[in-house]
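Participant: Curious how this folds, go ahead:
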Amino acid sequence: MTYEAKKFDLPSLDGISDESVKQHIGLYEGYVKNFNAISTKLVEYAKEDTEKHAIALGELIRRRSFEFGGMRLHELYFAQFEGGTKALDEKSKLGEQLKKEYMGYFQEYLKAIGNMRGPGWAILYYDPVGKQFLAGFTGEQHQGHFVTLPIILALDVWEHAFILDYGAQGKGKYLDAFFKNLNWDVIEKRFEQLT
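Facilitator: Predicted structure coming up:
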């Protein structure tokens, strides 16, 4: 199957420039393109001679999961801004659960994860078995995840997400802008589908 890059209906964001969004979407489109190209090359190598191409196949297989992770995480990320800013409904199922588990400090908690040194993703997962949230950090989008858990909120903290607007040291300002622009209805719907 060949994947196509999704189109996002994004408003202008407060604190995240249109140019930054444009370049960020271009990077996302690169993940889609690279995933498709690697998938095609894997089939070619497998048809030719798997033993002869064993090293290349191994590297491509590893790289393929990186590209796929980048594709899917960015789809979650950009979708969170579609429809414009909408505050979290504190009385919604999601609002109540976040308040219960994070005692009103969820944003500060996820910002602290996002502010960790190094690039990656701060992610809020939901464990339907344990009926609880798990927040974590993945430095590589294809490693460090809570396996099988659905993602409720994806926060990109790679430099490409903020360097154009805030410079190399501006991650904290970007984190504030990220939360200021979220459409919590999107995130609430993700949660409601799991509960």
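Participant: Relative to K189, how far out is E75?
Facilitator: Going from E75 to K189 by C-beta to C-beta, to the nearest Å gives 15 Å. Every C-beta, even on glycine, is put in place using the N, C-alpha and C of the backbone.
Participant: who has more neighbours, those two?
Facilitator: Comparing E75 with K189 by other C-beta atoms under 10 Å, the one with more neighbours is E75, at 17 against 13.
Participant: Quick check: what element follows whichever strand or helix holds G70 along the chain?
Facilitator: Here G70, judged by DSSP states H and E, is contained in helix 54-79. Using DSSP H and E, the helix or strand that follows helix 54-79 in sequence is helix 93-102.
Participant: So for the protein, which residue is the most central one in space?
Facilitator: L73 (3.1 Å; C-alpha atoms, centre = their mean).
Participant: What score does that one have for pLDDT?
Facilitator: L73 is assigned 97 on the pLDDT scale.
Participant: Quick one: residues contacting it.
Facilitator: Residues in contact with L73 (C-beta atoms under 8 Å, 6 or more residues apart in numbering) are 121, 123, 141, 151, 154, 156.
Participant: so which of those residues would you say is closest to V43?
Facilitator: Relative to V43, the closest of these is Q141; by C-beta to C-beta it sits at 23.4 Å.
Participant: nearest spatial neighbour of the closest one, skipping sequence neighbours?
Facilitator: Once flanking residues are discounted, Q141 sits nearest to G69: 3.4 Å by C-beta to C-beta, 6 or more residues apart in numbering.
Participant: So that neighbour sits against G144, correct?
Facilitator: No: assessed by C-beta atoms under 8 Å, G69 is found out of contact with G144, at 10.1 Å.
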